[in-house]
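[1] Need a 3D model of the following:
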Amino acid sequence: MKKEKQALRRRMLALRDQIHDDAADQAMMRTLLGLDLYQKAACIAVYVSFGTEVDTHALIQKALEDGKRVAVPYCVPKSPVMQMLEIGRFPDDLHPGTMDILEPDPKMSPAVDPADIDCMIVPGVCFTEDGRRLGYGGGFYDRYLPKLKDLSRCVALVPEGMLIDSLPIEDHDQRIPKLITERRIIDCLNVE
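    Predicted structure coming up:
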């Protein structure tokens, strides 16, 4: 299964590089900002995008401007542990960390209790319409998501071209309840 996931990941990342569209990213962001999930959230956790991922930099800045607590991932070096650390300034509170992705400094940014997270934006390489997710292979989010008090507060931003029919699934793989594409919102809990 590991080799199957790696091969699929390589194919889908190559596809994402080809189809990335800034206008689609902006459309997904507008949809997210209009949801009660975002508007009522006092604390959001969001990945810091890199490469051709759906761009979250504007979302992080907007959430800070909206007075929300913003938590971003920090991967503890040489460990399987990911924490969400609160930042107050973007991008000033970040520096290149694991895989050169921008991360907060754990000496300067306090850890956020998973129970405090009202909305979590979850990254992924590709997804199925029932919320199955292929991540980057480190398992950080699959280990972190069960710590949340309410998984229904998780959402992924997914270009239509990164939706696929099926994924190789393992027991530890977490489903995401809501997907936002540039065209629609998919309620994965109601997809059979």
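[2] Might one say that M108 is in contact with D92?
    No. Under the criterion of C-beta atoms under 8 Å, M108 lies out of contact with D92, with a separation of 10.4 Å. Backbone N, C-alpha and C define where each C-beta goes, glycine included.
[3] The two - which one has more neighbours?
    With other C-beta atoms under 10 Å as the criterion, M108 and D92 differ in neighbour count, and M108 comes out ahead with 11 against 8.
[4] Which of the three states applies to the more buried one?
    Under DSSP: H, G, I helix; E, B strand; the rest coil, the three-state class of M108 is coil.
[5] got a list of what it touches?
    D93 (C-beta atoms under 8 Å, 6 or more residues apart in numbering).
[6] one more time with 10 Å
    85, 87-88, 93, 95 (C-beta atoms under 10 Å, 6 or more residues apart in numbering).
[7] pLDDT of stretch 90-98, averaged?
    Stretch 90-98 comes out with an average pLDDT of 91.
[8] low-confidence ranges in the protein?
    Per-residue confidence for the chain (pLDDT under 70) gives these ranges: 191-192.
[9] Can you give me the separation between the residue most central in space within the chain and L145?
    Residue closest to the average C-alpha location in the chain (C-alpha atoms, centre = their mean): V122, at 2.2 Å. Counting by C-beta to C-beta, to the nearest Å, the gap between V122 and L145 amounts to 7 Å.
[10] Quick one: neighbours of the closest residue to D17 other than its chain neighbours, just the number.
    Counting by C-beta to C-beta, 6 or more residues apart in numbering, the nearest residue to D17 once its immediate chain neighbours are dropped is T52, at 5.1 Å. Applying the criterion other C-beta under 10 Å, we find 16 residues in the vicinity of T52.
[11] Just the ones in strands from the contacts of M108, please.
    Judged by DSSP state E, the contacts of M108 include 85, 87, 95 as members of strands.
[12] so E160 touches E182, yeah?
    Yes. At 6.2 Å, E160 and E182 qualify as touching, with contact defined as C-beta atoms under 10 Å.
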